[in-house]
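Asks: this one's sequence-less:
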């Protein structure tokens, strides 16, 4: 891209260093002079260095609202208004990294807006009824208010679709969601995975591993229920979250909780696990590729992003339904097939998702669209 073209990067919020933030990290690697806009920013000093390269983010009025650091998501009815207040008049290109509201920024006819879409708003679309049920909002006055607000959010979400010139999806699964909800096609570019931070290890120990945030859609409860029926198999569980007490109460003695672990410690357990178990229907599933980078097979759901990255019998085992019987059958099938996995092949399969490949593909795509537009 020509150096005279001024670029803005827009993201929802910067409060931790997870999958979508790793995309923003790559965007600031590609466009180090770009300004970053977000609703709120509460990163650690180290995270600011990694994601923002120590430049300040330009935040919205939500940053100054009471309790925004811990409860910024509770202000979701204000987010459409907040993102529309960003003054982007001085920029030629806007790159939005969006899993909800970032794509709704206002641009004019002379500005190119490319959206890297992690997903349309989950709790307003695909997970709407699940969200209401798990939040206890299916009934009552509060539930009625939330349903009305989400109805308005959906209307705004559709209205803001045409503010985007081009969509990029992080998987074919998300490209189908974008087409379903927005009636727009999307280029698929898989997100970056820091495979170089994980070490290949062919020497496996006799335990299974799962790692996730303890929230309902991650389906850690399903994995625990399955291993409750396999008392002679050891399962290690890494993570924390709102459901932690409930999960620990139901786990049998063969299941050990290790809490939240930093990446280097997670990597050590991944390297030695006989298999990594993943039961969520994810947009992509970065953790799965990290396990592959360790040469570890993955047992995962045959839906969502993992259906695209797991080749059954090659780098893992797929199961078809989010229930105990289906996962149990997959674990047994894995053990029947365990000695036939080529762990070097599994490691090699992770390399196509490396960060440098993501950045090359994004740069090429944006440059092409700039040449067509300007």
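Replies: Right, received. Where do you want to start? It should be emphasised that the depicted structure is a prediction, and the values quoted were computed from it without experimental measurement.
Asks: wasn't residue 156 part of a strand?
Replies: No - Residue 156 sits outside any strand when classified using DSSP: H, G, I helix; E, B strand; the rest coil, being helix.
Asks: three-state assignment of the closest residue to it other than its chain neighbours?
Replies: Closest residue in space to residue 156, ignoring its immediate chain neighbours: residue 80 at 4.7 Å, by Cβ to Cβ, 6 or more residues apart in numbering. Every residue, glycine included, has its C-beta placed from N, CA and C. Judged by three-state DSSP, the three-state class of residue 80 is helix.
Asks: residue 80 touches residue 102, doesn't it?
Replies: No - Residue 80 is beyond contact range of residue 102, at 11.0 Å (criterion: Cβ atoms under 8 Å).
Asks: these two - which one has more neighbours?
Replies: Taking other Cβ atoms under 10 Å, residue 80 and residue 102 do not tie; residue 102 has more neighbours (27 against 18).
Asks: contacts only, for the more buried one.
Replies: The neighbourhood of residue 102, defined by Cβ atoms under 8 Å, 6 or more residues apart in numbering, consists of 10-12, 38, 83, 96, 115.
Asks: now do 10 Å
Replies: Residue 102 is in contact with 9-13, 20, 37-39, 79, 83, 86, 94-96, 115-118, counting by Cβ atoms under 10 Å, 6 or more residues apart in numbering.
Asks: what are the buried residues along the lowest-mean-pLDDT helix or strand in the chain?
Replies: Using mean pLDDT, DSSP states H and E, helix 128-134 stands out as the lowest-scoring helix or strand of the chain, at a mean of 86. Burial within helix 128-134, assessed by neighbour count using 16 or more other Cβ atoms under 10 Å, is assigned to 128, 131-132.
Asks: export those residues as CSV, with columns for distance to residue 297.
Replies: Shown next, in CSV, are those (distance: Cβ to Cβ, whole Å):
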residue, distance to residue 297
128, 34
131, 32
132, 36
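Asks: show me where the stretch 1-150 of the chain has helices.
Replies: Secondary structure of the stretch 1-150 of the chain (DSSP state H, counting those that start in this stretch): helices at 19-30, 45-47, 68-71, 79-83, 128-134, 140-159.
Asks: and these as JSON lines, adding distance to residue 166?
Replies: Converted to JSON lines, these look like this (distance: least, Cβ to Cβ, whole Å):
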{"stretch": "helix 19-30", "distance to residue 166": "15"}
{"stretch": "helix 45-47", "distance to residue 166": "29"}
{"stretch": "helix 68-71", "distance to residue 166": "32"}
{"stretch": "helix 79-83", "distance to residue 166": "19"}
{"stretch": "helix 128-134", "distance to residue 166": "27"}
{"stretch": "helix 140-159", "distance to residue 166": "18"}
